[in-house]
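Visitor: the amino acid sequence is not available; the structure is as follows:
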């Protein structure tokens, strides 16, 4: 009886923590989406950031964010539950391998992988840890969910359109994660890992970069005011 009560309390605590996390992420994503609607907007109601002020460090990630959104969107057909969570976990694992991992490290990891004969989707069992891993067939990486084109995309992608669309896709992801039938220990851990990856490679990174731009804008404006006051003082 005590064991059952403890499990119920743990489940309740996980639901509480998850509700807080998902609400926070939906707010973060909605804010970033507004920042990329095509009009100038004040970041945190402090600094007005215009399109030309978005740095190259941000915009050079346009391609990998495009592929992230392209890969996540088809997962919407998977019913909410452990299978959906596991698909997101696998996708973010593949995304990190392809876009984040240093090529030398990725090469070594590929050599150590056991080769599969055919492509297969992993079966998810209730009560078991949700796992993700990089697979290969022969000497090539086999992506289960990540979609990438071998040939470069001919048309130049618009950074603002890509980020706006990715924000909408991620909003739908976090809404769907709210409708899990239960947050078992394994589902909770998997969602937490998925969220940490998305934060590191998209909305957390983007928020930090925009904060840096806003800080620079404010410093420049303060510097201009200091110069103006100095000139005015000399004339007085």
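Guide: Right, received. Where do you want to start? This is a predicted model, so every value here is computed, not measured.
Visitor: residue 136 belongs to a helix?
Guide: No - counting by DSSP: H, G, I helix; E, B strand; the rest coil, one finds residue 136 to be strand, located in no helix.
Visitor: count of residues packed around it?
Guide: Counted with other C-beta atoms under 10 Å, residues neighbouring residue 136 total 16. In this view, the C-beta of every residue, glycine as well, is placed from N, C-alpha and C.
Visitor: equivalent analysis for residue 185, please.
Guide: 13.
Visitor: quick one: pLDDT of the spatially most central residue of the chain?
Guide: Nearest to the geometric centre of the chain sits residue 198, at 2.4 Å (C-alpha atoms, centre = their mean). With respect to pLDDT, residue 198 scores 97.
Visitor: residues of stretch 38-46 that come out buried?
Guide: residue 43 (16 or more other C-beta atoms under 10 Å).
Visitor: neighbouring contacts of it?
Guide: 34, 35, 48, 49, 50, 51, 160, 210, 211, 213, 214, 218 (C-beta atoms under 8 Å, 6 or more residues apart in numbering).
Visitor: redo that, cut-off 6 Å
Guide: 35, 48, 49, 50, 210, 214 (C-beta atoms under 6 Å, 6 or more residues apart in numbering).
Visitor: and that stretch, how far from the chain's centre?
Guide: 21 Å (C-alpha atoms, centre = their mean, to the nearest Å).
Visitor: so what would you say the end-to-end distance of that stretch is?
Guide: This stretch, stretch 38-46, spans 18 Å end to end (C-alpha to C-alpha, to the nearest Å).
Visitor: now the helix ranked longest in the chain: average pLDDT?
Guide: Longest helix in the chain, counting residues (DSSP state H): helix 2-35. Averaged across helix 2-35, the pLDDT comes to 89.
Visitor: give the next helix or strand downstream of that helix.
Guide: Downstream of helix 2-35, the next assigned helix or strand under DSSP states H and E is strand 41-43.
Visitor: listing partners with orientation, what would you give for that following strand?
Guide: strand 47-49 (antiparallel) (DSSP bridges).
Visitor: could I get the full set of helices for the chain?
Guide: Under DSSP H, the chain gives helices at 2-35, 56-59, 62-72, 82-95, 103-112, 159-177, 185-198, 204-235.
Visitor: and these: which comes nearest residue 146?
Guide: helix 82-95 (3.9 Å; C-beta to C-beta).
Visitor: pull the residues that contact the closest one.
Guide: Outside helix 82-95, the residues touching it (C-beta under 6 Å, 6+ apart) are 68, 71, 75, 78, 124, 130, 132, 143-146, 187, 190-191, 194, 197.
Visitor: ok, stretch 203-213 next?
Guide: So stretch 203-213 is contacted by 28, 32, 43, 49, 53, 58 (C-beta under 6 Å, 6+ apart).
Visitor: buried set for it?
Guide: 203, 206, 207, 210, 213.
Visitor: same check, this time on stretch 149-163
Guide: 159, 160, 162, 163.
Visitor: any chance of those in JSON lines, with distance to residue 94 and pLDDT too?
Guide: Shown next, in JSON lines, are the buried residues of stretch 149-163 (distance: C-beta to C-beta, whole Å; pLDDT from 0 to 100):
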{"residue": "159", "distance to residue 94": "23", "pLDDT": "92"}
{"residue": "160", "distance to residue 94": "26", "pLDDT": "91"}
{"residue": "162", "distance to residue 94": "19", "pLDDT": "95"}
{"residue": "163", "distance to residue 94": "21", "pLDDT": "95"}
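Visitor: before we move on, back to that, which of the helices of the chain sits most buried?
Guide: helix 82-95 (a mean of 23; mean count of other C-beta atoms under 10 Å).
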